[in-house]
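Undergrad: Provide a 3D model corresponding to the input given below.
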Amino acid sequence: MDSCAIFLDPIAGGRKFNGEKFFRDAEALHLSFNEALIYSQTQDMEVRERTNDFVDYEPAFATALDEITSNVVGRTLFRFIVTKARMRRNGEKIRLMSYDGPVNQYSLKEFAVKINLNMFDGNGNGIGERQYYYVDERGDVVPKTKTLAGTIFHEFCHALHDIERAGEITDGNQLAGTNEILHYTWGNDEELRTIAGCTLGPKYDPVCDHCYELCICIDRNRIFFPRYSHEGYSSTSSEREESDKRRRLRAHFSESRVIMNGWHTYVL
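TA: Numbering: from 1, shown residues only. Presented below is the predicted three-dimensional model:
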């Protein structure tokens, strides 16, 4: 399986993130006319110093927030959230909190992103039984280590979609009834949009995991392997179970390849 088209080769050099196109596309998709004025009141480079104005977070998350807001995609996500919270939730702060639950999550009821810090080491790298997958240059499905900052970004994307009422959180799951392969691979519409930016429509949402990670890889001159699937590697699975799951995901990759290509248009 030829997967070379889905990752960046840093040897080519000179890669840049197309920030102009990113802003144009993200703002057109996420902002109404009335929201644009409030959005403009928080400037891009002010986001980190003003984080306390719209996120109620524990000190343990400060370094991760530094990392998220060093990235234009992360900063824009927060600008959208503060804009919409002011208009739709009376300015309520979203909480970022630690807890001991089995999964990291966004809680609609609590308006909070809840993170189990025991799943990450002191450098913010994922540890424990469950990680992500990507497809490498040989076409193999292999584990992709999660990060604390990336996980927080992902859950805040769910929060944005909830405030907007624009995702599977409120609108159901088209994948379940229309495409069995994509349903197995991505779980639901909301995860597909949050990870890959695919909205199951003509518009691509660049405020997604792929564009966030793309920015990081370009900044650090690293190869970019986009996350593949909402399924993940689990060390608690038997060798046979893990092998069967990866085999099925490899067989399904051609179905997902097209919808995973949205980030390409943001590379200069």
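Undergrad: Phi and psi next, for Gln43.
TA: phi -80, psi 150 (degrees, to the nearest 10).
Undergrad: That one and Arg75, how far apart?
TA: Per Cβ to Cβ, to the nearest Å, Gln43 is found 9 Å from Arg75. (Each C-beta comes from the backbone N, C-alpha and C, glycine too.)
Undergrad: Looking at those two, which is more packed in?
TA: Arg75 (20 against 10; other Cβ atoms under 10 Å).
Undergrad: Model confidence for the closest residue to the more buried one other than its chain neighbours, exactly?
TA: Spatial nearest neighbour of Arg75, excluding adjacent residues (Cβ to Cβ, 6 or more residues apart in numbering): Val47 at 4.2 Å. At Val47, the model reports a pLDDT of 96.
Undergrad: can you count the residues close to Val47?
TA: 23.
Undergrad: That one contacts Phe80, doesn't it?
TA: No. Using Cβ atoms under 8 Å, Val47 is not in contact with Phe80, being 10.8 Å away.
Undergrad: can you give me the strands for the chain?
TA: 55-57, 94-98, 105-107, 112-115, 130-135, 141-144, 233-234 (DSSP state E).
Undergrad: Confidence-wise, which of those is weakest overall?
TA: For the strands of the chain, where the average pLDDT is lowest is strand 233-234, sitting at a mean of 88.
Undergrad: Can you give the contact residues for it?
TA: Applying Cβ atoms under 8 Å, 6 or more residues apart in numbering, the contact partners of strand 233-234 are Glu129, Arg130, Gln131, Tyr132, Tyr133, Pro143, Glu242.
Undergrad: again with stretch 185-202
TA: So stretch 185-202 is in contact with 154, 157-158, 161, 167-169, 171-176, 182, 204-211, 226-231, 249, 252, 255-256, 259-260, 262-263, going by Cβ under 8 Å, 6+ apart.
Undergrad: List the buried residues of it.
TA: 185-199 (16 or more other Cβ atoms under 10 Å).
Undergrad: didn't Asn81 look like it was pressed against Phe54?
TA: Residue 81: Ile, not Asn. Yes. Taking contacts as Cβ under 8 Å, Ile81 lies within contact range of Phe54: 6.8 Å.
Undergrad: Flag the helix or strand of the protein with the lowest per-element mean pLDDT.
TA: Least confident element among the helices and strands of the chain, by mean pLDDT, DSSP states H and E: helix 168-171 (a mean of 46).
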